[in-house]
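Undergrad: What follows is a predicted structure for the sequence shown.
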Amino acid sequence: MSDLILNMLLVGWLCAALIMLVLWVLHLRLKNAGIVDIGWAGNYALIALVYAVMGDGYGPRRALVTTMAVVWGARLAAHLTARTIGQPEDARYQHLRQQWGGNVPLKFFFFFQFQALLNVILSTPVLLASINPRPELSPLEWLGCAVWIIAVVGESVADQQLKAFKSDPANRGKVCNIGLWRYSRHPNYFFEWLVWVALCVFAWASPYGFISIIAPALMLYFLLRVTGIPATEAQLLRSKGDAYRAYQQRTSAFVPWFPRQS
C-alpha cells in the first residue's frame, strides 16, 4: 500500500474520530446518543473532502465522487439533525442503555469510535476513485452516477413521506404505509444501501476497484442483521404491536415490491 493511501486513511480516520469524540462528550450533556447518527453521516462527507484534497487522481473524477459523497452525507446529516436535536433519545439507544447496564458512558464511547472506523472502511470507493489517474470518465462511472441519483431521490422521498405521516396527529400510533412505505417496510434503508452500490459501481472503474464491494456488502449486513432493520423492527413491535405485525405480513422488508394480499 502506497504512502499516499496510508496517509489518506490516517487523516480520514483522525478527522472522523475527533468528530465522534466531540459528539460523545456532547451526548453526555444532552443525554441523547442519537447524535452519533448525525456524526456518522457528516463524517462521510468530511472524509470525502479530505480525500479530494489529498488525492492525486484525475480532477473531474475527484470532484464528481466527492460531490456524490458530500451531497448524500450532508442531506442525511441535516435530516437526522432535525429529527434528533431537541427530541427525546431514539428508543433504540434507550434500549441499548437498558441492555448494557453498567459503564454505559464508556460503552457509548467505544460505540461512537466504532462508527468513525466504519466511516473509513465505507469510504473505500471514494478513496479508490480519488487516486485514479485515468484522464477520462468511463461508462461505468456514469452508470454509478445514474444509480446514485435514483438512490438519493428515493431516500429523500422516503424520509419526507415518513416525516409527513408522523407530523399528522391523526396518525399517532399508526403504521406508516403510504407512498414508498406501502412497498417496503424500510424504503429509506433500501435507497441508502443503493447509494453504496452506486459508489461501488463508480469506483469499480478504478485500479483495484473491486475492493470497493466491501462498502455495499458491509452496509447490507448491518442493515439486514445488526443495527438497521432488526433494531428498528424490534422497537416498532414494542410500540405498535399487532398493527406492525400485520404490516410485516403484507409488506416486503427491504426491496420495494407489491404488497401481499391479506
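TA: That came in fine, so what should we check first?

Undergrad: number of nearby residues for Ser2?
TA: 8 (other CB atoms under 10 Å). Where you see a C-beta, it was placed from the backbone N, CA and C, and this is true even at glycine.

Undergrad: now Arg29: how far from Val22?
TA: 11 Å (CB to CB, to the nearest Å).

Undergrad: who's more crowded, those two?
TA: Val22 (13 against 7).

Undergrad: mind checking which helix or strand the more buried one is in?
TA: helix 3-30 (DSSP states H and E).

Undergrad: Tabulate the CA atom coordinates of the helix or strand that that helix is followed by in PDB.
TA: Counting by DSSP H and E, the element after helix 3-30 in chain order, helix or strand, is helix 35-54. Only the C-alpha atoms of helix 35-54 are listed here, as PDB (Å, rounded to 0.1, in the frame of the first residue of the first chain):
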ATOM      1  CA  ILE A  35     -26.300  12.400  17.700                       C
ATOM      2  CA  VAL A  36     -23.900   9.600  16.700                       C
ATOM      3  CA  ASP A  37     -26.100   9.100  13.600                       C
ATOM      4  CA  ILE A  38     -25.600  12.800  12.600                       C
ATOM      5  CA  GLY A  39     -21.900  12.400  13.100                       C
ATOM      6  CA  TRP A  40     -21.800   9.200  11.000                       C
ATOM      7  CA  ALA A  41     -23.500  10.900   8.000                       C
ATOM      8  CA  GLY A  42     -21.500  14.100   8.300                       C
ATOM      9  CA  ASN A  43     -18.200  12.200   8.700                       C
ATOM     10  CA  TYR A  44     -18.700  10.500   5.400                       C
ATOM     11  CA  ALA A  45     -18.900  13.900   3.700                       C
ATOM     12  CA  LEU A  46     -15.900  15.200   5.700                       C
ATOM     13  CA  ILE A  47     -13.700  12.200   4.700                       C
ATOM     14  CA  ALA A  48     -14.700  12.600   1.100                       C
ATOM     15  CA  LEU A  49     -13.400  16.200   1.300                       C
ATOM     16  CA  VAL A  50     -10.200  15.000   2.800                       C
ATOM     17  CA  TYR A  51      -9.700  12.500   0.000                       C
ATOM     18  CA  ALA A  52     -10.500  15.200  -2.600                       C
ATOM     19  CA  VAL A  53      -7.700  17.400  -1.200                       C
ATOM     20  CA  MET A  54      -5.100  14.700  -0.600                       C
END
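
Undergrad: what packs against helix 35-54?
TA: helix 3-30, helix 59-84, helix 104-122, helix 124-130 (3 or more CB pairs under 8 Å, 6 or more residues apart in numbering; DSSP states H and E).
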